[in-house]
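> Let's see this in three dimensions:
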Amino acid sequence: MYVKLCFYLVFLCPFLLSAQQADIHFNFVVEPYLQQVNDNSFQVLWETTMAGKGVVKLGIAEYNAMRPNLNQSFEEKIAGTFHTVTVTGLKIDEHYFYQALTFNSSGDTLQGPVTPIYIPDYAKMPVSFAVIGDTQNSPVIWGKLSELIYQEHPSFLIHVGDLVQNGRDKADWVDEFFKPAKNLFRFCPFYSAIGNHEQNHPNYYQYVSLPGNEWFYTIEKGDVLFVFTDTNKDILPGSKQYNDLEQILASSGKKWKIVIHHQPVYTSSDNSYGNTWYQQALNGDPNEIHLKKLYETYGVDLELNGHIHLYERTWPLFSDKVDLARGVTYITTGGGNDEYSGFAANKAWYDARTRVGNHFLYISIANNKLYGRTIDINGNVFDDWTIEKEPTFKQLNAPQIADEKQYFTDTISVTIKNLNGKGTISYQLNEIDAKTTSNKSVKLHLNETTTISACIQDNDVKSRLVEKKFEKLPVFPEVKKTLKQVKADYYEGNWTALPDFNEIKPLKTFALDSVSLQSVQPKAKDHFAVRFTGSFSIPDKNVYRLLLESFDGSKLLIDGHELINNDGIHYEIKKENFVALEKGNHTFEVQYFKYLRRPTLNIWIGSARDKMMNFNLLVIKPTKSK
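Numbering: from 1, shown residues only. Purely as a prediction, here's the structure:
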């Protein structure tokens, strides 16, 4: 008996283990999910434990059929563990079935479920979608909300960012984002704005298949334009992203415009942008607050964001007051998380509805009316609202005042563009000398600081006014005396703003080759300050944009002139300014202090919106002895 048992263990166990391993090894890591459902195509993505060839079977839904006839095949070109298959040749208002399959080199087949899919015809139905945010680190809550979203059957889902807790951690994507929502994602594609927790990691761009560069893109559904931006990146008025956003909003003829990004323009959170229990707080994220003027100018109807873990809907706002006819509605929907933010003790003047708790939005847009509902984790509606355009509403965008640079030294050419395809341009320079032209554009040559204001007139319809200032700058001459190294004076103290460095003595002085907090060692964990001084070299005479980011306060001086003041206790805030510099060497001074939390100090410089570089690349360093 013992001999027989040993025989079975020796000869049969390897086969049993092999069979078990086959089951374990060839399986789904992430089950099939939809992306980019368009009028004539969609994508199916999935991930498997073993490499194989991905195939999607497709069939048109038929009447009186006992099972779907999956008679079309679409396959990927290269075998792998991550699969993306694009299905094409579809028609709107048509019902289909699809199934994802993977064939490995051993001849095994891994099958996903057969799933129905409908290609919406927005010419006859509302644009209906759900909105969720900040699902990171909360798989149980996200799972419950995803089931409730599925019951609403939206055409698609918008995620306002922070899909996962740590974008670098694959387990966060697999176990905490996709698994809890696998049933929803079979049927419903999602479009997302990237949040700070994604950390701009390649995992995001692998698991999320979106148009364009996947962090700044647009989609159109019926008569609705959706614009997704990345507010973790530079979106100040001098940035390329801001300029691209302005171009899209000015040129779109869609009746409805919705912008999605992670951080809020408005929020009354009690301790996100200043602790309201003992100090005056900001009404929103300082890196985004300037966007409200752009949204108002080009008729944005709704802005969706997360980041703050609560629900907040503003009244329609225009020029810092409630305006039901022209205002932009801002909604913070960070309801997918199990860690909650709080509200200030006093109600903000702009708040229409607030709530702390788990939730999602369900929005439908039909003709001239938007219907919104906010649903909690128990399926109860606790807020509903509408945005309605006048029956006589006619879309007429403000013109775009296009320029290569808003700051100049000699002369500059500026073009006013009417992107509507109708109407005439009316414009003024410095609020005088009003002119009108029926041309699609008008080119102006400026040789002094000038404010241009313009609008479009089409019969009895007038667009909103756009205004932009073009500023002539003095040129800073080359500085003959050059510092051959970066000097860093180090101080300690419990400051809530930058100290007067001329009135205090440094504890230590460091000789460095760059502006770097990391190079100032040793230093205290908190409550310290540093003043960096040095020289940098400019390759060509030009107008340069400088961008200063810090946590907490900072200040930048060029050739003894204060250029950017980013003082105060705050998290990472970016500020910009422009300066005209002669070719050659110039001096800089960077002041910084840290109160609490993470020390951050970054400087960028560039002569064009899309060509910003690390400031330290221009810093003059000590000459190394041979």
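> okay, CA-based contacts and neighbour counts for the rest of this
Fine.
> Kindly confirm my reading that Arg545 is in a strand.
Yes - remark: Arg545 belongs to a strand, assigned using DSSP: H, G, I helix; E, B strand; the rest coil.
> now it, nearest residue through space, not along the chain?
Excluding its sequence neighbours, the residue lying closest to Arg545 (C-alpha to C-alpha, 6 or more residues apart in numbering) is Phe578, at 4.5 Å.
> Contacts only, for the one you found.
Tyr407, Val543, Tyr544, Arg545, Leu546, Leu563 (C-alpha atoms under 8 Å, 6 or more residues apart in numbering).
> Kindly state the beta-bridge partners for the first one.
Beta bridges link Tyr407 to Glu471, judged by DSSP bridges.
> That one: how many residues sit nearby?
By other C-alpha atoms under 10 Å, 22 other residues sit near Tyr407.
> My guess is it contacts Lys468. True?
No - under the criterion of C-alpha atoms under 8 Å, Tyr407 makes no contact with Lys468, lying 11.2 Å away.
> Just the buried subset of the contacts of Phe578, please.
Tyr407, Val543, Tyr544, Arg545, Leu546, Leu563 (16 or more other C-alpha atoms under 10 Å).
> The third one reaches Leu581, doesn't it?
Yes - the pair Tyr544 / Leu581 is scored as a contact, 7.3 Å apart, by C-alpha under 8 Å.
> Relative to Trp256, how far out is Glu220?
Distance, Glu220 to Trp256, using C-alpha to C-alpha, to the nearest Å: 10 Å.
> For whichever strand or helix holds Glu312, which strands pair with it and how are they oriented?
Here Glu312, judged by DSSP states H and E, is contained in strand 311-314. Strand 311-314 has the following strand partners under DSSP bridges: strand 329-333 (antiparallel), strand 351-355 (antiparallel).
> can you give me the strands in the stretch 151-300 of the chain?
Here the stretch 151-300 of the chain has its strands, by DSSP state E, counting those that start in this stretch, at 156-159, 190-192, 217-221, 224-228, 256-260.
> In the protein, mark out all the helices, start to finish.
Applying DSSP state H to the chain gives helices spanning 2-11, 13-25, 139-152, 170-171, 182-187, 202-207, 240-251, 291-297.
> Now the last one: average pLDDT?
Helix 291-297 shows a mean pLDDT of 98.
> Distance from that helix to the middle of the chain?
16 Å (C-alpha atoms, centre = their mean, to the nearest Å).
> And the closest residue to Gly421 other than its chain neighbours, how far from Trp215?
Nearest residue to Gly421 in three dimensions, chain neighbours excluded: Lys440, at 7.5 Å (C-alpha to C-alpha, 6+ apart). Applying C-alpha to C-alpha, the value for Lys440 to Trp215 is 31 Å.
> Please say which of the two ends up with more neighbours.
Legend: neighbour count by other C-alpha under 10 Å for Lys440 and Trp215, higher for Trp215 (22 against 16).
> I'd like the distance between the spatially most central residue of the chain and Glu47.
In the chain, the centroid-proximal residue (C-alpha atoms, centre = their mean) is Asp230; its distance is 2.1 Å. Going from Asp230 to Glu47 by C-alpha to C-alpha gives 26 Å.
> swap in Asn430?
As judged by C-alpha to C-alpha, Asn430 and Glu47 stand 59 Å apart.
> same thing with Thr102?
Thr102 sits at a distance of 10 Å from Glu47 (criterion: C-alpha to C-alpha).
> of the two, who's got more company?
Between Thr102 and Glu47, Thr102 has the larger neighbour count (other C-alpha under 10 Å), namely 28 against 22.
> Neighbour count: Glu220 and Trp256, which is higher?
Neighbour count, other C-alpha under 10 Å: between Glu220 and Trp256, Trp256 has more, with 24 against 13.
> who are the neighbours in contact with the closest residue to that one other than its chain neighbours?
Distances taken as C-alpha to C-alpha, 6+ apart place Val224 nearest to Trp256, at 4.7 Å, with adjacent residues excluded. Each residue near Val224 by C-alpha under 8 Å, 6+ apart is listed here: Val127, Lys254, Lys255, Trp256, Lys257, Ile258.
> ok, now Tyr330?
When contacts are counted by C-alpha under 8 Å, 6+ apart, Tyr330 touches Val265, Tyr266, Leu302, Glu303, Leu304, Asn305, Arg313, Thr314, Trp315, Pro316.
> cutoff 6 Å now
Leu302, Glu303, Arg313, Thr314 (C-alpha atoms under 6 Å, 6 or more residues apart in numbering).
> low-confidence ranges in the stretch 1-150 of the chain?
1-24 (pLDDT under 70).
> Around the closest residue to Val381 other than its chain neighbours, how many other residues sit close by?
Distances taken as C-alpha to C-alpha, 6+ apart place Ile375 nearest to Val381, at 4.4 Å, with adjacent residues excluded. Ile375 sits with 21 neighbouring residues when counted by other C-alpha under 10 Å.
> and the gap between Ile375 and Phe177?
Following C-alpha to C-alpha, the distance that separates Ile375 from Phe177 is 20 Å.
> Kindly report the same for His153.
Distance of His153 to Phe177, computed by C-alpha to C-alpha: 19 Å.
> Of the two, which one has the most company?
Set His153 next to Phe177 and count neighbours by other C-alpha under 10 Å: Phe177 wins out with 22 against 16.
> any idea how far Ser138 is from that one?
Following C-alpha to C-alpha, the distance that separates Phe177 from Ser138 is 9 Å.
> Equivalent analysis for Ala281, please.
29 Å.
> Now do the buried residues in the lengthiest strand in the chain.
Using DSSP state E, we find that the single longest strand of the chain is strand 41-60. Neighbour-count burial for strand 41-60, counted by 16+ other C-alpha under 10 Å, picks out 41-48, 50-60.
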